[in-house]
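Asker: Predicted model, plus sequence, below.
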Amino acid sequence: MKPAPKPVITISAETLGAFDAVIDVRSPAEFAEDHVPGAISAPVLDNEERARVGTLYKQISPFDARKLGAALVSKNIARHLETQFASMPRQWKPLVYCWRGGKRSGAMAHVLREVGWDAWGIEGGYKAYRRFLIDELATLPGLYTYRVIHGTTGSGKSRLLHALRTAGAQVLDLEDLAAHRGSVLGTLPDRPQPAQKMFETQVWDTLRKFDPARPVYVEGESKKIGQLQVPEALMHAMRASACVVLEASRETRIALLSDEYRHFFAEPEGLYAQLDCLQGLYGARVVDDWKAMAGRGEWDELVGRLLDEHYDPAYRRSALRNFARLADAESVILDSPDEQAFAALARRLTDDKQLETA
């Protein structure tokens with residue numbers, strides 16, 4: 001008698017929503033690099049155990065590796081049953097996956113079904129999900145109409161996006177997803193950048209929840225945000241979209257940018273290292289001048305110099321060349337760095353029917 005076929009689904013946005021939970025049984029390192037949106041980590045082998053089994057498989061024998069792996073997997077599944085799965089009701093329907101939809105997810109799903117839960121697997125595992133995601137990112141960005149927020153560095157574009165979201169607009173905040181502000185000093189003190197794969201998953205997961213009948217607000221980014229690449233189809237759609245230019249006084253920009261750079265002011269060594277990256281463009285003398293200003297605590301003066309000598313010339317060189325409709329953009333004026341000013345601009349943009357339908 002043939003064994004009953006394992007219940008598996010082909011990955012899609014619709015099938016992901018048909019389950020009560022998505023369980024990733026890969027190692028914590030694999031999970032950290034990328035995972036299906038909303039998945040919970042329940043590894044059947046941790047990082048060290050997976051390495052042990054793999055080494056045994058290559059250096060000793062596949063049989064010994066399978067024997068060790070079975071013992072470790074059984075122990076870990078038992079722990080998950082006693083902890084994070086212990087309170088799940090009889091009607092619970094989980095979706096389980098591993099790297100290729102093979103032994104690790106098969107073992108977990110089998111035990112869950114034996115308990116009585118309606119556990120399913122992903123045909124092809126994470127690799128199939130990754131192929132699906134790449135295909136989605138080639139087409140999904142083209143379904144939306146974008147309003148691209150432009151402006152020189154320090155004009156408050158990210159804060160305007162936050163205010164637009166609060167006002168109920170659809171916002172794709174790429175810098176937030178990338179954990180980077182996009183400039184040479186754009187690193188965040190408490191948030192390392194995600195892996196490229198995770199960034200792409202987050203972009204897709206954000207886009208798929210939007211209504212194509214309503215505009216999506218996004219900042220006018222370059223192709224790279226820190227070390228991460230913006231998906232090509234999204235970049236193409238953004239560069240062909242209507243633009244809004246956010247303008248602010250030099251004083252407002254210095255105030256906003258100084259607030260963003262406060263962590264550098266507390267630890268200037270990190271600032272010096274980032275400024276050194278600009279020596280190829282401006283030479284050691286200019287960079288040394290900037291670093292000397294930082295050493296003297298002349299923060300507003302330094303931010304002003306960076307705006308005048310680095311950020312503004314770079315913006316003028318790249319923005320008009322890369323965004324075809326920027327020359328025709330409507331400008332909006334930020335009166336002050338206060339939150340109320342951003343809220344007022346957000347209300348204006350979301351109430352402006354001309355911009356909504358352009």
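Answerer: Cool, got the structure. Every value quoted in this text rests on a predicted model; they were computed, and no experiment measured them.
Asker: Now do the strand or helix carrying residue 165: which elements does it pack against?
Answerer: Element membership for residue 165, per DSSP states H and E: helix 157-166. Judged by 3 or more Cβ pairs under 8 Å, 6 or more residues apart in numbering; DSSP states H and E, the packing partners of helix 157-166 are strand 146-150, strand 170-172, strand 216-219, helix 339-351. C-beta here means a position set from N, CA and C on the backbone, and glycine is covered the same way.
Asker: okay but residue 276 is in contact with residue 286, surely?
Answerer: No - with contacts counted by Cβ atoms under 8 Å, residue 276 stays clear of residue 286, the gap being 11.6 Å.
Asker: Neighbour count: these two, which is higher?
Answerer: Neighbours were counted for residue 276 and for residue 286 using other Cβ atoms under 10 Å; residue 286 has more, 16 against 13.
Asker: May I ask you to confirm that the more buried one belongs to a strand?
Answerer: No - Residue 286 sits outside any strand when classified using DSSP: H, G, I helix; E, B strand; the rest coil, being helix.
Asker: can you tell me which residues contact it?
Answerer: By Cβ atoms under 8 Å, 6 or more residues apart in numbering, the contact set of residue 286 is 278, 309.
Asker: Same question for residue 118.
Answerer: By Cβ under 8 Å, 6+ apart, the neighbours of residue 118 are 7, 92-93.
Asker: Per the annotation, how does this protein divide into domains?
Answerer: 8-135, 144-357 (automatic domain parsing).
Asker: Okay, strands next: where are they in the stretch 251-358 of the chain?
Answerer: For the stretch 251-358 of the chain, applying DSSP state E, counting those that start in this stretch gives strands covering 330-334.
Asker: residue ranges of the helices in it, please?
Answerer: Using DSSP state H, counting those that start in this stretch, the helices assigned to the stretch 251-358 of the chain run over residues 262-266, 268-276, 279-295, 299-306, 312-322, 339-351, 353-357.
Asker: Columns mean pLDDT on top of those helices, output as CSV?
Answerer: Shown next, in CSV, are those (pLDDT from 0 to 100):
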stretch, mean pLDDT
helix 262-266, 85
helix 268-276, 90
helix 279-295, 93
helix 299-306, 94
helix 312-322, 85
helix 339-351, 95
helix 353-357, 46
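Asker: Now for residue 209, how many residues are close by?
Answerer: By the criterion of other Cβ under 10 Å, residue 209 has 10 neighbours.
Asker: do residue 76 as well
Answerer: Burial of residue 76 is recorded as 20 neighbouring residues (other Cβ under 10 Å).
Asker: so how far is residue 90 from it?
Answerer: In this view, residue 76 and residue 90 are 23 Å apart by Cβ to Cβ, to the nearest Å.
Asker: same question, residue 260
Answerer: 51 Å.
Asker: higher neighbour count, those two?
Answerer: Set residue 260 next to residue 90 and count neighbours by other Cβ under 10 Å: residue 260 wins out with 19 against 8.
Asker: The more buried one and residue 181 touch, don't they?
Answerer: Yes - counting by Cβ under 8 Å, residue 260 touches residue 181, with 6.6 Å between them.
Asker: Could you pull up the mean pLDDT of the helix holding residue 165?
Answerer: Across helix 157-166, pLDDT averages out at 97.
Asker: which parts of it are buried?
Answerer: Neighbour counts over helix 157-166 (16 or more other Cβ atoms under 10 Å) mark 157-165 as buried.
Asker: again, but for stretch 333-350
Answerer: By 16+ other Cβ under 10 Å, the buried positions in stretch 333-350 come out as 334, 336-337, 341-346, 349-350.
Asker: can you give me how far the helix or strand containing residue 78 is from the chain middle?
Answerer: Here residue 78, judged by DSSP H and E, is contained in helix 62-82. The chain centroid and the centroid of helix 62-82 are separated by 33 Å under Cα atoms, centre = their mean, to the nearest Å.
Asker: which secondary structure elements does it contact?
Answerer: For helix 62-82, the elements it packs on are helix 47-59, helix 103-115, judged by 3+ Cβ pairs under 8 Å, 6+ apart.
Asker: possible to save those as a markdown table with mean pLDDT?
Answerer: Shown next, in a markdown table, are these (pLDDT from 0 to 100):
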| stretch | mean pLDDT |
| --- | --- |
| helix 47-59 | 94 |
| helix 103-115 | 96 |
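Asker: what is the mean pLDDT for the strand ranked longest in the chain?
Answerer: Longest strand in the chain, counting residues (DSSP state E): strand 242-248. The pLDDT scores in strand 242-248 average 96.
Asker: Please save the CA atoms from it in CSV.
Answerer: As requested, the backbone C-alpha atoms of strand 242-248 are provided in CSV (Å, rounded to 0.1, in the frame of the first residue of the first chain):
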residue,chain,number,x,y,z
ALA,A,242,4.5,62.2,-11.0
CYS,A,243,6.6,64.0,-8.5
VAL,A,244,6.1,66.5,-5.6
VAL,A,245,9.0,68.6,-4.4
LEU,A,246,9.3,69.4,-0.8
GLU,A,247,11.1,72.7,-0.1
ALA,A,248,12.4,74.0,3.2
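Asker: which outside residues touch that strand?
Answerer: Applying Cβ under 8 Å, 6+ apart, the external contacts of strand 242-248 come out as 145-151, 154-157, 160, 220, 256, 323, 325-326, 328-334, 337, 345, 349, 355, 358.
Asker: Many thanks, have a good one.
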